[in-house]
Structures are given as structure tokens and as C-alpha cells.
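A.B. asks: Below are the sequence and a predicted model for it; my questions follow.
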Amino acid sequence: MQFILYTTGRCNLSCKYCGGSFDPSIVPWRVEYRIGLLDDLIKSGDVVAFYGGEPLLNIAFMKDVVERFPDARFVVQTNGLLLDRLSPRLLDSLSTILISIDGREAVTDMYRGKGVYRKVLNSVSAVRAKGFEGELVARMTLTCHSDVFSDVMHLLDIGIFDSVHWQLSFVWVPIESWPDLWQWIRESYMTGLRRLFGEWLARLERGELLGIVPFRGILKRVLRGGPIPPCGSGIESFTILTDGRVVSCPIAVSERWAFVGRLGNVSRSDIEKRKPIVEEPCKSCERLRTCGTRCLYTHLERLWGIEGVEAVCECSKFIIDLIENNLERIMSATSRSRLRLEDLLYPEYNNTVEIMP
């Protein structure tokens, strides 16, 4: 199982699509529970992911958790600005570091703050220079100012990141902030996706595997299925907030449907019995096995109403079709190269990458 631990509700950035720190009355800025209460949930072999706010604002808590659960696999999602604060020992304990960066410098700084792009790249380069051997994932937020082909390829061409994943900023910003949502989807996003997939497949046919997470993750779901939703929220992934609340989804910090219980009052067996929540139109959709509702939060909250549901579905169906309609070429390219099928399928374990953009 995966447990996402909030280390703090505080953040050192205030990105336009996020807003920065949580209200401390909703997500306290310090951990308020005894760390020993985690023993009831976390077992050997589990994935423990540090989250926030900005998780590196509470490195002491991270260190305590790593020392308490030496047989777990550790992940952190960070804005990357404070990576230099990690000691070599703590750095070595991490299997994956996901760094928020939105592609090219202009796009990243537009949303995350002037100079953030350069600071993040310097920080990530320093991590590699320290000898970090785990996976570095660039985690993008895609907005109406993004170009999926240019921004993804830019991050891959830098040569620092092993993989790139993106999430569409649907719902996280007001729908009015997209001047023409459907025009962007059909003329920018889908056009860019088709071009990006073509590049990924052409490289694959030459024996080179680009770390584009959605293509590899969806391929894995097409061939082998996976949890619903793809991130595992509420099924194999649970989040523990700084006040000790256990919730189904790391984003749903105050929604009643997400509340599972509190540390000390909820057991591992309790959460292992939980079933996925699937409502219409996803419940009867032929792509449910692959799409998995895309995202538990957006599936249940539907903050953009019917238009938001349709936009998400349109984008999800398009990227799934890219994989399914080219499955024969993918398999043929794999067999002709030195790559094994297992090399393509991603992720090896739930590293908090949501799979569906």
C-alpha cells in the first residue's frame, strides 16, 4: 500500500493555480500526532510519500519516519527549491523525487514565480551531483499557456529528469481562465499530444525509450489493468494529514466523502476492505478499466459541472486511443529492440504519479 504523509500545510511558494499554503485551521503547519500511531498502518514494503504544502519545510519529520520504517520505499513530491537541505543519508533513502516544474522557463515562472525555473534546475542538478541514484520525475501542470509537445520535450532534453508527467489544470483554476477551452483541447493539446506520441514511438522504434509517463503508464493499464482510480486513492493509497486525519485523497483535505478516520481509530484491515467509488458516466464507460475515472477528486467534485466532465473524458479518451490504436507498432518496436516489455511498463510501484493526465 501507499501512504502519503503531509509534513506540513505550509508552502514557500504561492503558485497561481494552487494558491500556496493551506489554511492552518484545515491543514495544520506542523505534525500534531504521535509518530508511533503510524505503526498501525505502515508495513514493510509499503510506499511512503511525503507531501505538503512543501514537504521539505519539515525535514525533521521526514527523517523520523525514514528511521522508523527502514523497510519502506520513500518518495517525495516537492517544488524543488529546498532540495539542498537534504542530507546525503536522507537523500539516499528516497527512491523517487517528483519535482514541480511546468516546462519551459517562461511558462514555469508565469505560474510559479519569477526565477523559480532556474532555481529548481540548479537544485535538481545539485541533487544529481550529490550522487542521487533514484528517479527524478518532472511533474508538470498543464495550462492554457502550455504546449504539451514543446514543454515535455524541453524537460526531457535538459537531460536531468528520468521521466516527465503532466496534469491538466482542469478544475484547479476557474473555467473562465481558459479563453476557449475546447479550442485549446482540440487545436493545441490534442495536436501536441499526437506529435509527442509520434516522437515517442519513433524513438522507441530506434531502440530509445523516452520517459513520458502517461504513454508508459496507460500502456501498462491497457495490458494489465490497475487500480481505480489510477493513483490508487481510497483503494491502495491513503493520505494522513498533519492533524492525524486519514483521508482517501491527498487533495480532499476537507471533503466529507474522503474522510476515512483518525490515526489510532482506523486499522490497516479497515482500509484494505474499502471499495472503489465509481459513478456515472464512468461506471458504464467501456474505457473504465484503462481510464479508471482519471481522478477520484474530479470524478466526485465536478467543480466545472458537465462541461468539466466532458472535457476530461475527451482528453482521456484521446490519449488512450493513441496507445490502443498503435499497440501493434509499440509491441513490434519493443521486440526489435533490446528493450523488454517490462522496461516500457510504468511505474514499477505506486510513486504518486497519477498516470492519467
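C.D. replies: Looks like it arrived, so ask away. Numbers count the residues shown, from 1 in each chain.
A.B. asks: drop to CA atoms for contacts and neighbour counts, all remaining ones
C.D. replies: Noted.
A.B. asks: can you list the residues that contact the top helix by length along the chain?
C.D. replies: Once the chain is assigned using DSSP state H, the helix that runs over the most residues is helix 305-324. Residues outside helix 305-324 that contact it (CA atoms under 8 Å, 6 or more residues apart in numbering) are 170-171, 182, 185, 190, 193-194, 197, 215, 218-219, 222, 287, 290-291, 294, 299, 302, 356-357.
A.B. asks: Is residue 26 in contact with residue 252, as I believe?
C.D. replies: No. Applying CA atoms under 8 Å as the test, residue 26 and residue 252 come out as separate, 10.9 Å apart.
A.B. asks: quick one: which of the two has more around it?
C.D. replies: Set side by side, residue 26 and residue 252 give different neighbour counts by other CA atoms under 10 Å, the larger being at residue 252 (16 against 13).
A.B. asks: and that one, that one's in a helix?
C.D. replies: No. Assessed by DSSP: H, G, I helix; E, B strand; the rest coil, residue 252 does not belong to a helix; its assignment is coil.
A.B. asks: which residue packs closest to residue 75, ignoring adjacent ones?
C.D. replies: Counting by CA to CA, 6 or more residues apart in numbering, residue 75 lies nearest to residue 49, which is 4.4 Å off, once chain neighbours are set aside.
A.B. asks: Check the secondary structure at that neighbour for me.
C.D. replies: Classification of residue 49 into helix, strand or coil gives strand, according to three-state DSSP.
A.B. asks: which regions of this protein sit below the pLDDT cut-off?
C.D. replies: The chain contains no residues with pLDDT under 70.
A.B. asks: would you list every one of the helices in it?
C.D. replies: Defined through DSSP H, the helices belonging to the chain, from first to last, are 59-68, 88-93, 105-112, 116-129, 148-158, 181-183, 190-205, 213-224, 268-272, 288-291, 296-301, 305-324, 327-336, 341-344.
A.B. asks: Please work out which of those is packed deepest.
C.D. replies: Most buried of the helices of the chain by mean neighbour count (mean count of other CA atoms under 10 Å) is helix 288-291; its value is a mean of 22.
A.B. asks: starting at the chain centroid, how far to the longest helix of the chain?
C.D. replies: Average the C-alpha atoms of helix 305-324, do the same for its chain, and the two points are 18 Å apart (CA atoms, centre = their mean, to the nearest Å).
A.B. asks: just stretch 104-117 next, same as before
C.D. replies: Between the centre of stretch 104-117 and the centre of its host chain there is 20 Å, according to CA atoms, centre = their mean.
A.B. asks: And the contacts of it?
C.D. replies: So stretch 104-117 is in contact with 13-17, 81, 101-102, 118, 145-146, 150-151, 154-155, going by CA under 8 Å, 6+ apart.
A.B. asks: One more: stretch 47-63?
C.D. replies: For stretch 47-63, contacts defined as CA under 8 Å, 6+ apart pick out 1-12, 20-22, 30-31, 72-79, 82-83, 85-86, 90, 350-352.
A.B. asks: Could you identify the buried members of the residues you listed?
C.D. replies: Judged by neighbour count, with 16 or more other CA atoms under 10 Å as the criterion, the buried members of the contacts of stretch 47-63 are 1-11, 20-22, 30-31, 72-79, 82-83, 350-352.
A.B. asks: Return the residue spatially closest to residue 143, with its sequence-adjacent residues excluded.
C.D. replies: residue 169 (5.7 Å).
A.B. asks: and the gap between residue 219 and residue 138?
C.D. replies: Taking CA to CA, to the nearest Å as the measure, residue 219 falls 20 Å from residue 138.
A.B. asks: typo on my end, residue 312
C.D. replies: If you measure residue 312 against residue 138 using CA to CA, the figure is 22 Å.
A.B. asks: taking the contacts of stretch 47-63 one by one, which sit in strands?
C.D. replies: Residues from the contacts of stretch 47-63 lying in strands, with DSSP state E as the criterion: 2-6, 73-78.
A.B. asks: got these as TSV, with distance to residue 243 columns?
C.D. replies: As requested, the ones in strands among the contacts of stretch 47-63 are exported to TSV (distance: CA to CA, whole Å):
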residue	distance to residue 243
2	19
3	15
4	13
5	11
6	9
73	23
74	21
75	21
76	19
77	20
78	20
